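S.K.: structural data only, the sequence is not supplied:
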């Protein structure tokens, strides 16, 4: 059910369907008022709102034409923006524009306005002389609302096509997910692999493999914790959200005491708590949002675009994001209530892997540009601000690796001295 709800929330049909149903109900309601309560409502509504049936049909026809024209223009603009997103930034950020509430609500208003006008036009009878209706007045008000939303949509598009605005929104999304992960870590305890082996030693176990090929999109830890507590077992995750698995990949292992087979019903419920799909999602995977920023930086360094300043800005944002991850130690996270048996052990994100995956592509494609190399070292210095001792060593080792790679790049003496100064500032920070 939760998976279905998430699909509905991220679907481009959500707001258009809701608004269209509202328009259909409004059209029926206005028609009932016009046919059954026109005399009574005239006592409460101004005569200016009432028009003859023939004039109402003319106005509603104009309203329908206006909304369908705006909708066509909006769809055309959207396709242009999506094409630009794929070519100039990365295909992974297309869904960010489609899932934007302003975009979807604008589609909903334009489609629902057309549905209201065309259904009201159907219900309006022009053959009844002397009959007055308010359907046309409601349609005019709907057009005004639609024009306001059209201006909002244009403003939203003008903001979305700017690289800095897109990076800023990705930064906020990633920061929100990282803080949620940080709160998740604070509520639990991180142990070493050695201690984890002590906990699961001499216990019976059953391996759980992927029920389909794809990416781990989401894990419902609360329900899993409840199942582990009721089944008196330890659920040990071997993968993290965002990794690609196959039906032969071991996702987790269940450890339990006793010689009987593990409860199959509980096993099925555990499988239902793990969502696997054909693409990555950012509900629980902050690394996916960071990956989008990395791809924007790599695309900016391509010869076709040649925008190093955008790549430098991406490196600064990446350094700030990794700063909030650098205080989390490598190990295994234990989720349990007090000292009760039956809990979850989940592998924490490895900061070393995150660091390499984030910087490797940008530094490879930007190694010939001194400004990119310097920006990469500055970004690592940002990440070093809140880092633990072990993560500081990881950052310093990676910075040394980057610096040593620049020795044979043929830089001038001035360029190399700038890189050396930045490297020394990082190491001695």
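M.R.: Okay, I see it. What you see is a predicted model, and the numbers here were worked out from it, not measured in a lab.

S.K.: C-alpha from now on. contacts and neighbour counts both.
M.R.: Fine.

S.K.: and whichever strand or helix holds residue 317, what does it pack onto?
M.R.: Under the criterion of DSSP states H and E, residue 317 resides in helix 308-323. Packing contacts for helix 308-323, counted by 3 or more Cα pairs under 8 Å, 6 or more residues apart in numbering; DSSP states H and E, involve helix 163-186, helix 286-300, helix 351-365, helix 370-383.

S.K.: out of the ones you listed, flag the one nearest residue 55.
M.R.: helix 163-186 (46.2 Å; Cα to Cα).

S.K.: which outside residues touch the closest one?
M.R.: 159-160, 283-287, 289-290, 292-293, 310, 314, 317, 321, 324-325, 328, 333 (Cα atoms under 8 Å, 6 or more residues apart in numbering).

S.K.: from what I see, residue 153 and residue 102 are in contact.
M.R.: Yes: if you go by Cα atoms under 8 Å, residue 153 and residue 102 touch, sitting 6.5 Å apart.

S.K.: what's downstream of the helix or strand hosting residue 62, the next helix or strand?
M.R.: Element membership for residue 62, per DSSP H and E: helix 53-84. Once the chain leaves helix 53-84, the next helix or strand it forms, by DSSP H and E, is helix 94-98.

S.K.: quick revisit: could you dump the helices and strands packed on helix 308-323 to TSV with mean neighbour count, distance to residue 193 and mean pLDDT?
M.R.: What follows is the helices and strands packed on helix 308-323, written out as TSV (neighbours: other Cα atoms under 10 Å; distance: least, Cα to Cα, whole Å; pLDDT from 0 to 100):
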stretch	mean neighbour count	distance to residue 193	mean pLDDT
helix 163-186	16	16	86
helix 286-300	23	23	90
helix 351-365	16	15	89
helix 370-383	23	25	91
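
S.K.: reformat the ones you listed as TSV; add distance to residue 206.
M.R.: Compiled in TSV, the helices and strands packed on helix 308-323 are given as follows (distance: least, Cα to Cα, whole Å):
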stretch	distance to residue 206
helix 163-186	26
helix 286-300	29
helix 351-365	28
helix 370-383	39
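
S.K.: tell me the contacts of residue 376?
M.R.: Contacts for residue 376 (Cα under 8 Å, 6+ apart) come out as 312, 315, 359, 363.

S.K.: the second one and residue 381 touch, don't they?
M.R.: No: in this structure, residue 315 sits apart from residue 381 without contact. The criterion is Cα under 8 Å, and the distance is 11.1 Å.

S.K.: quick one: secondary structure of residue 302?
M.R.: Classification of residue 302 using DSSP: H, G, I helix; E, B strand; the rest coil returns coil.

S.K.: list the contacts for it?
M.R.: Counting by Cα under 8 Å, 6+ apart, residue 302 has contacts residue 365.

S.K.: do you know how far it is from residue 203?
M.R.: Counting by Cα to Cα, to the nearest Å, the gap from residue 302 to residue 203 is 53 Å.

S.K.: what's next to stretch 392-404, contact-wise?
M.R.: Defining contact as Cα under 8 Å, 6+ apart, one finds that stretch 392-404 is touched by 352, 355, 356, 377, 380, 384, 419, 420, 423, 426, 427.

S.K.: what mean pLDDT does it have?
M.R.: Averaged over stretch 392-404, pLDDT sits at 89.

S.K.: list the buried residues in that stretch.
M.R.: Neighbour-count burial for stretch 392-404, counted by 16 or more other Cα atoms under 10 Å, picks out 392, 394, 395, 396, 398, 399, 402, 403.
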